[in-house]
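Undergrad: What shape does this take:
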Amino acid sequence: MDKRIKLEKYILNEFQAKDSQTFLYQLHENSYFDKEKFSILLNICHSLAKAYGEFGKTDNYNDVIKGLFVIFEHTLFLLFTHFVEHDFFTISNYGKDFKARDVSAYYSQIREITQKIIL
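TA: Modelled structure (predicted):
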């Protein structure tokens, strides 16, 4: 199987967030931010950006990009609402241990990926 297709399937599965083991499902449904799963997602995005650069886009490219934007936008939104004092959403596994600098680091990583992957 083409490496790009395998990486795209991972991202599209995350985007659909139907699988309770995905990062986005756990964040949205369980208010649980799994740093390891998010790191894996970011690494897969880097690998896919590199593969697109080497071998070109696939027929799934537009759907993958849309999915990535949804994943990243929703993740950043939930990270933001975690810090809003009277909002109902709180990341259950971090509380006050989750700092604004952590969010800034994730934002920088997301920005780097989106710049690389949009050809």
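Undergrad: if you count residues, which helix in this protein comes out on top?
TA: Within the chain, and with DSSP state H defining each element, the longest helix by residue count is helix 61-83.
Undergrad: Which stretches in the chain count as helices?
TA: Using DSSP H, helices in the chain cover 3-16, 23-30, 35-55, 61-83, 100-117.
Undergrad: one step back: pLDDT of the longest helix of the chain, averaged?
TA: For helix 61-83, mean pLDDT is 93.
Undergrad: likewise stretch 2-11?
TA: Mean predicted lDDT for stretch 2-11 stands at 96.
Undergrad: same check, this time on stretch 108-119
TA: For stretch 108-119, the mean pLDDT works out to 91.
Undergrad: Pipe the helices of the chain into CSV and attach distance to residue 90 and mean neighbour count per row.
TA: Heads up, the C-betas are built off the backbone N, CA and C, glycines and all. Below are the helices of the chain laid out as CSV (distance: least, Cβ to Cβ, whole Å; neighbours: other Cβ atoms under 10 Å):
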stretch, distance to residue 90, mean neighbour count
helix 3-16, 22, 17
helix 23-30, 12, 18
helix 35-55, 16, 16
helix 61-83, 6, 16
helix 100-117, 14, 14
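Undergrad: Export these to a markdown table and append columns for distance to residue 92.
TA: Conversion of the helices of the chain to a markdown table gives the following (distance: least, Cβ to Cβ, whole Å):
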| stretch | distance to residue 92 |
| --- | --- |
| helix 3-16 | 20 |
| helix 23-30 | 7 |
| helix 35-55 | 13 |
| helix 61-83 | 10 |
| helix 100-117 | 15 |
